[in-house]
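Visitor: Sharing a model prediction with you, sequence too.
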Amino acid sequence: MKKPILLLFLLLALGLGAHAAESRPNIILILADDMGYGDLGCNGSTLLKTPHLDQLAAGGIFCRQAYVTSSVCSPSRAGLITGRDPRRFGHEGNLNEDSEYYPTRPDLLGLPTHEHTLGDHLKAAGYRTALIGKWHLGDSAGFHPKRRGFDYFCGMLHGSHPYFPTAAKNELERNGQKLSEFSSPYLTDFFTDEAIRWMDGGDPAGVQKPFFLFLSYNAPHGPLEATAEDLERFSHITDKKRRTYAAMMYALDRGVGRVMDWLKQGNKVSDTLVVFLSDNGGPSNGGSWNGILSGAKGTLLEGGVRVPMIWSWPGKVPAGQYYDAPVSSLDLLPTFLAAAGAKPLPLAPAKTYEDAGNRSRATQLYGAYDGVNLQPVFSNAATAPERTLFWRLQGQAAVLHGTDKLIVLSHRPPQLFRPKGDPGERHDLAAHAPEAMRDLFRRLGEWESTLATVPLWDSSPRYAGKSAETYDTFAARPEPR
């Protein structure tokens with residue numbers, strides 16, 4: 001090939017590469033903490049005010065049967081951030097802060113370091129990355145977000161935090177440095193400030209990279225604390241917990257509105273994929289409301305693992321639509337990477353605490369990653385795949401395959417539900433569908449046989465008793481007033 005022609009081809013290739021880089025969207029993942037399924041105006045609440053989240057849903061797709069990988073915070077986040085079922089690498093229960101439950105190897109008390117995060121994948125794809133808010137995937141240095149694919153971190157490493165931090169009393173940091181000043185006195189507003197400040201700052205190197213922002217609010221997780229101004233807006237709610245919770249959700253919604261306003265002012269809305277969901281269902285002892293669902297945080301009933309999920313990307317994701325087939329937080333990774341035009345990083349080898357044969361067999365059966373790219377499904381370019389989703393937590397196990405869901409517990413006989421038509425799980429079909437029961441038991445047993453030998457840790461056994469009580473007492477209920 002002659003040199004001028006070769007040069008022309010190189011210039012064209014560089015031009016196409018630049019165009020591809022420019023067309024990659026920014027990605028913003030907004031996560032609520034312990035939010036109830038019904039706690040959006042667009043999903044049933046008549047008392048809460050969530051206009052910005054309602055607007056986000058109206059401009060995109062609202063997934064009404066979306067699931068997370070666990071009904072408690074840390075393993076749910078581990079699944080979301082890796083795109084892999086967390087039980088596959090032993091991340092089964094919440095990180096436990098009670099010293100008597102620490103393992104003898106504290107280097108294992110966190111998201112295993114050989115697992116790649118969304119930050120790792122997108123940073124490798126050329127994105128600048130930030131995590132603001134709650135981490136809850138390991139407190140020690142080896143697990144720090146800055147070492148897990150995030151260029152920037154501001155927030156707390158633990159699972160919860162008071163909402164009115166002071167210079168003398170807080171557990172917040174920015175890139176490893178303890179905080180002593182706050183742009184807003186209320187933590188939810190402060191995290192929003194940080195998100196906008198980071199986006200405003202651009203790339204320190206001056207390179208026009210797309211960005212990935214994981215805005216991981218701890219709201220409306222306890223403690224139930226809100227500003228006086230926000231509480232005043234909900235003085236008509238007589239239930240004290242519900243009133244405070246409503247004010248906390250209002251602050252979270254305000255934050256979402258501010259982020260979206262920043263995108264609008266910078267003409268970045270059409271260039272940005274925004275996803276909103278909760279890490280699990282609302283707890284049984286707070287001010288949340290799980291709407292039409294039974295159960296709560298800590299259980300494998302729908303109210304524990306089913307969450308509202310919103311996708312917005314104008315021109316790429318249809319507007320004003322509902323999607324009613326099952327989706328999962330595991331789908332974030334493949335969908336984000338498809339939008340970025342990137343492939344996932346290869347899995348690292350198994351570690352000593354894992355059974356290498358199990359890891360290999362799980363990969364053969366389920367693939368290296370567990371999610372589905374939702375872009376073709378949302379755009380009607382592909383039919384919705386039949387999903388099989390698994391859960392295991394503290395003596396509880398469950399599998400959803402197609403329309404059938406099996407729940408196996410330590411304190412009662414197994415149950416069979418069809419949550420698509422029975423979201424409150426009122427009708428146990430176990431005695432009437434023996435073939436479905438056998439099929440689901442087979443799938444569950446096959447999946448469990450591929451897991452890590454034992455969980456790396458587990459929460460205090462007392463939580464298992466609390467979950468058992470919730471199964472027996474927490475049915476779908478009217479919105480607290």
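Guide: Received it, and whenever you're ready, just let me know what you need.

Visitor: so where do the helices sit in this protein?
Guide: When assigned using DSSP state H, the helices of the chain occupy the ranges 3-23, 51-58, 73-82, 118-124, 187-201, 228-232, 240-265, 302-305, 332-340, 356-366, 375-378, 434-448, 462-473.

Visitor: hey, least reliable of these by pLDDT?
Guide: Ranked by mean pLDDT, these end with helix 3-23 in last place, scoring a mean of 39.

Visitor: circling back: for the helices of the chain, give me CSV that also has mean neighbour count.
Guide: (Each C-beta comes from the backbone N, C-alpha and C, glycine too.) As requested, those are exported to CSV (neighbours: other Cβ atoms under 10 Å):
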stretch, mean neighbour count
helix 3-23, 10
helix 51-58, 20
helix 73-82, 28
helix 118-124, 22
helix 187-201, 20
helix 228-232, 14
helix 240-265, 21
helix 302-305, 32
helix 332-340, 22
helix 356-366, 14
helix 375-378, 19
helix 434-448, 15
helix 462-473, 17
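
Visitor: between the ones you listed, which gets nearest to residue 169?
Guide: When the helices of the chain are compared by Cβ to Cβ, helix 187-201 sits nearest residue 169, at 12.5 Å.

Visitor: now the angle from the closest one to helix 240-265?
Guide: Going by axes from the mean of the first three to the mean of the last three Cα atoms, to 10 degrees, helix 187-201 is angled at 10 degrees with respect to helix 240-265.

Visitor: same for helix 187-201, what does it pack against?
Guide: Other elements packing on helix 187-201 under the criterion 3 or more Cβ pairs under 8 Å, 6 or more residues apart in numbering; DSSP states H and E are strand 128-134, strand 152-156, strand 211-216, helix 240-265.

Visitor: that older thread, make a markdown table out of the helices of the chain and add distance to residue 396.
Guide: Conversion of the helices of the chain to a markdown table gives the following (distance: least, Cβ to Cβ, whole Å):
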| stretch | distance to residue 396 |
| --- | --- |
| helix 3-23 | 44 |
| helix 51-58 | 30 |
| helix 73-82 | 12 |
| helix 118-124 | 27 |
| helix 187-201 | 31 |
| helix 228-232 | 36 |
| helix 240-265 | 26 |
| helix 302-305 | 9 |
| helix 332-340 | 24 |
| helix 356-366 | 20 |
| helix 375-378 | 29 |
| helix 434-448 | 12 |
| helix 462-473 | 7 |
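
Visitor: which one of those lies closest to residue 319?
Guide: The minimum distance between residue 319 and the helices of the chain falls on helix 51-58, with 7.3 Å, by Cβ to Cβ.

Visitor: Can you name every helix or strand that that closest one contacts?
Guide: With contacts defined as 3+ Cβ pairs under 8 Å, 6+ apart, the secondary structure elements packing on helix 51-58 are helix 240-265, strand 272-278, strand 306-312.

Visitor: Now distance to residue 349 too, for the ones you listed, in a markdown table please.
Guide: What follows is the helices and strands packed on helix 51-58, written out as a markdown table (distance: least, Cβ to Cβ, whole Å):
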| stretch | distance to residue 349 |
| --- | --- |
| helix 240-265 | 39 |
| strand 272-278 | 31 |
| strand 306-312 | 33 |
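
Visitor: Export the helices and strands packed on helix 187-201 as a markdown table, with columns for distance to residue 462.
Guide: Formatted as a markdown table, the entries for these read as follows, by distance: least, Cβ to Cβ, whole Å:
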| stretch | distance to residue 462 |
| --- | --- |
| strand 128-134 | 23 |
| strand 152-156 | 24 |
| strand 211-216 | 27 |
| helix 240-265 | 22 |
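
Visitor: that older thread, residue 409: which of the helices and strands packed on helix 51-58 is closest?
Guide: Each of those has some distance to residue 409 by Cβ to Cβ; the shortest is strand 306-312, at 17.7 Å.

Visitor: Mind checking the pLDDT average for that closest one?
Guide: 98.

Visitor: what's next to it, contact-wise?
Guide: Strand 306-312 is contacted from outside by 35, 37, 40, 43, 53, 56-57, 59-68, 273-281, 293, 317, 327, 329, 374, 378, 419, 423, using Cβ atoms under 8 Å, 6 or more residues apart in numbering.
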